[in-house]
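**Student:** below are the sequence and a predicted model; questions follow.
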Amino acid sequence: MSTTAPRPAVVTDFSLVTGLSRTRKPLQRRMSAMAGMYADQRAAERLAEEDVLVYEFFDMGVPQSSGEVAYGTSITYPGKVGDEYFMTKGHFHSVLDTAEIYYCLRGRGLMMMENPEGDVQWQEFTPGQGVYVPGRYAHRSINTSPDEPLITFFAFPGHAGHDYGTIESKGFRKIVVERDGAPAVVDNPKWAR
Ligand SMILES: O=P(O)(O)OC[C@H]1O[C@](O)(CO)[C@@H](O)[C@@H]1O
Ligand SMILES: [Fe+2]
């Protein structure tokens, strides 16, 4: 939607240190909402009983229309389900060919990406490093630190939308697990063709 009526400039707040906003409410995802996404479902269900908070994000409330820039901060907490690191659900954009930029403010981790044709890529997150997720790539943030939150700033086109269906039913082709004390990218045993 485009309009010629004057629009107020909007001021939003979020901390580049904590990722938290004083004025926006976080959207929180707990283990109970995503237990089935981890390879070790038993371990996930145990954590779901305590309803552990896996990640939260602050969406700054921009209209979901073309021409807008949606943005906010995302905090993925440290933790593991069995040997698999805490991660976001992950999604494609409903308008598939829309990109997204993430900028790491704190912590350590990976952005996992894959496109519908099966190309898989991952990029490291370290503070001061951005990851540009090209259009057509599903994306999931993964926190590989033992004790620090992974905090990122993100921005994407307002009309992009979120498509969780494919990832919820099939997962990503690769998962990230701890092997000999270090993160390793391995095939997802649950991935279904
Ligand atoms: O939407 P998911 O996969 O639960 O992950 C949340 C993150 O992705 C975003 O939707 C941006 O793509 C953010 O709102 C948030 O950082
Ligand atoms: Fe996205």
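**Tutor:** Yes, it's here. Ligands and ions are numbered 1, 2, ... in the order given.
**Student:** for whichever strand or helix holds residue 122, buried residues please.
**Tutor:** According to DSSP states H and E, residue 122 maps onto strand 120-125. For strand 120-125, burial by neighbour count (16 or more other Cβ atoms under 10 Å) applies to 122, 123, 125. For the C-beta atoms, the positions are set from N, CA and C on the backbone; glycine is no exception.
**Student:** in TSV: the residues you listed, plus distance to residue 161 and pLDDT.
**Tutor:** Below are those laid out as TSV (distance: Cβ to Cβ, whole Å; pLDDT from 0 to 100):
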residue	distance to residue 161	pLDDT
122	24	98
123	23	98
125	24	98
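**Student:** rebuild these as TSV, extending it with distance to ligand 1.
**Tutor:** TSV is the format used below for the buried residues of strand 120-125 (distance: Cβ to the nearest ligand atom, whole Å):
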residue	distance to ligand 1
122	16
123	15
125	12
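**Student:** what's the first helix or strand after the worst-scoring helix or strand of the chain on mean pLDDT?
**Tutor:** Every helix and strand of the chain was ranked by mean pLDDT, DSSP states H and E. The lowest is helix 165-170, at a mean of 92. As assigned by DSSP H and E, the chain's next helix or strand after helix 165-170 is strand 174-179.
**Student:** name the helices or strands packed onto that following strand?
**Tutor:** Applying 3 or more Cβ pairs under 8 Å, 6 or more residues apart in numbering; DSSP states H and E, one finds that strand 174-179 contacts strand 84-85, strand 109-114, strand 120-125, strand 182-187.
**Student:** how about 6 Å then?
**Tutor:** Counting contacts by 3 or more Cβ pairs under 6 Å, 6 or more residues apart in numbering; DSSP states H and E, strand 174-179 is packed against strand 84-85, strand 182-187.
**Student:** packed most tightly, which of those would that be?
**Tutor:** Counting by mean count of other Cβ atoms under 10 Å, strand 84-85 has the highest mean neighbour count of the helices and strands packed on strand 174-179, with a mean of 22.
**Student:** helix, strand, or coil at the residue in the chain that ligand 1 sits nearest to?
**Tutor:** The minimum distance from the chain to ligand 1, using Cβ to the nearest ligand atom, falls at residue 74 (3.1 Å). Under DSSP: H, G, I helix; E, B strand; the rest coil, the three-state class of residue 74 is strand.
**Student:** thought it was touching residue 150?
**Tutor:** No. Counting by Cβ atoms under 6 Å, residue 74 does not reach residue 150; the two are 8.1 Å apart.
**Student:** ok, residues contacting stretch 31-43?
**Tutor:** For stretch 31-43, the external contacting residues (Cβ atoms under 6 Å, 6 or more residues apart in numbering) are 44-45, 47-48, 51-52, 54, 81-82, 84, 89, 175, 189-190.
**Student:** the residues you listed in strands, which ones?
**Tutor:** Within the contacts of stretch 31-43, residues falling in strands by DSSP state E are 54, 81, 84, 175.
**Student:** I'm done for today, thanks for sticking with me.
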